[in-house]
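J.: Sequence plus predicted model, see below.
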Amino acid sequence: MKLFKEKKEEKQEIVQNQGNIIIVPEKLKAYNLDILNSFLSTLISMADSEDYNYFTSRVARNFYEQNKAYLENLNKIGNENIELIWENLNIFFNLNNLGVSQVKINLENKSINIFHYDSLFVRYLKSKTNFKLCNFYANLYSLILSNIFETDIKIIEEECSNETGKDFCLFNMV
């Protein structure tokens, strides 16, 4: 009975009621992604880069499908207003703890450069591997841009901040 009694006492200390004020410990205030960190660390320890890229491409497709209603509405803004599209995309990324990005599109040269900051994958896996970590974003950007421009667009991760030490990952159109 001692084990259960101690656990019950610990639980009572998590949230303290002081009159009309409830005090929540700092650890509970933070957006806690420990389970994601554990999952990604396990994946990276067991997979080579090819397996990791295959898995993250599937995750990107599933994530896109789960959020299809929002992401496919972006093309209703009109592909001539890419700044507004990207502003809405960054709001979506921020709400999903995926970082933010900037895009440079040159229609004459048919080039797209995306600078992605605060990658979720680099944030949790930095220094745990020596290969590019942001294949998820490359696949997600491919799906989003293909929808916006109504043509097949393939985006690849050119530079990963995990490898370069820069504060962004660079994605380009192939």
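T.: Here it is on my side, so go on. It should be emphasised that the depicted structure is a prediction, and the values quoted were computed from it without experimental measurement.

J.: Please enumerate the helices of the chain.
T.: 2-14, 26-29, 34-46, 49-66, 68-73, 82-95, 120-125, 135-149, 161-164 (DSSP state H).

J.: Out of these, which gets nearest to residue 111?
T.: Proximity to residue 111, assessed across these by Cβ to Cβ, is greatest for helix 135-149 (12.1 Å). No exception for glycine: its C-beta is placed from N, CA and C like everyone else's.

J.: quick one: low-confidence ranges for the chain?
T.: Applying pLDDT under 70 to the chain flags the ranges 1-33, 127.

J.: Name the residue closest to the centre of it, please.
T.: residue 98 (3.0 Å; Cα atoms, centre = their mean).

J.: coming back round to it: possible to save the helices of the chain as TSV with mean neighbour count and distance to residue 109?
T.: Output for those, formatted as TSV (neighbours: other Cβ atoms under 10 Å; distance: least, Cβ to Cβ, whole Å):
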stretch	mean neighbour count	distance to residue 109
helix 2-14	9	56
helix 26-29	8	47
helix 34-46	13	35
helix 49-66	15	26
helix 68-73	13	26
helix 82-95	15	15
helix 120-125	20	28
helix 135-149	22	15
helix 161-164	18	24
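
J.: Let's have the ones you listed in JSON lines, adding distance to residue 155.
T.: Shown next, in JSON lines, are the helices of the chain (distance: least, Cβ to Cβ, whole Å):
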{"stretch": "helix 2-14", "distance to residue 155": "44"}
{"stretch": "helix 26-29", "distance to residue 155": "36"}
{"stretch": "helix 34-46", "distance to residue 155": "21"}
{"stretch": "helix 49-66", "distance to residue 155": "11"}
{"stretch": "helix 68-73", "distance to residue 155": "14"}
{"stretch": "helix 82-95", "distance to residue 155": "13"}
{"stretch": "helix 120-125", "distance to residue 155": "15"}
{"stretch": "helix 135-149", "distance to residue 155": "4"}
{"stretch": "helix 161-164", "distance to residue 155": "16"}
